[in-house]
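[1] take this sequence and fold it.
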Amino acid sequence: MATTFRPQNVIAILNSDGKAHPKENSLIAVSVVLGAIAIISSIFNNLHLLSSWTGLFGIITAGYGQFISATTSERFVLILALGASAIGFFIGVAHGGLWGGL
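    Purely as a prediction, here's the structure:
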């Protein structure tokens, strides 16, 4: 029997239960962006304020997203974003902290 191939986008993969989750998907997007900024900016010593603050907000956002997530794929992406945010946060704190080493 022939079946139709339908390419799925990222949102369809995250919403594996067939329902729309706009709040969860927006939290995932924000968490991924904050985690990426935190981990990339933690490479540079002079950007410790940016990496520590974005890492902290990424941890909070991804943590809240874990509480309200509905599918396993949403939780998987949130855990990756949480890990990236935490690594960026810890390296930013090691380089000077949230307040610039005061």
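[2] dump the residue contacts of Ser51.
    The neighbourhood of Ser51, defined by C-beta atoms under 8 Å, 6 or more residues apart in numbering, consists of 37-39, 41-42, 88-89, 91-92, 95. Yep, even glycine has a C-beta here, placed from its N, CA and C like the rest.
[3] list the contacts for the closest residue to it other than its chain neighbours?
    Leaving aside its chain neighbours, Ser51 sits nearest to Gly92 (3.4 Å; criterion: C-beta to C-beta, 6 or more residues apart in numbering). Taking C-beta under 8 Å, 6+ apart, we find Gly92 in contact with 38, 41-42, 47-53, 55, 98.
[4] ok, back up a step: out of the contacts of Ser51, which are inside strands?
    Among the contacts of Ser51, none falls in strands (DSSP state E).
[5] would you format those as TSV with distance to Gln66 and pLDDT included?
    Output for those, formatted as TSV (distance: C-beta to C-beta, whole Å; pLDDT from 0 to 100):
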residue	distance to Gln66	pLDDT
Ile37	20	97
Ala38	17	96
Ile39	19	95
Ser41	24	95
Ser42	22	94
Gly88	18	96
Phe89	16	96
Ile91	22	95
Gly92	22	93
His95	27	90
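[6] which one of those residues is nearest to Pro22?
    Ranked by distance to Pro22 (C-beta to C-beta), the contacts of Ser51 are led by Ile37 at 22.7 Å.
[7] Ser52 is in contact with that closest one, correct?
    No: assessed by C-beta atoms under 8 Å, Ile37 is found out of contact with Ser52, at 11.3 Å.
[8] and those two? Which one has more around it.
    Legend: neighbour count by other C-beta atoms under 10 Å for Ile37 and Ser52, higher for Ser52 (26 against 21).
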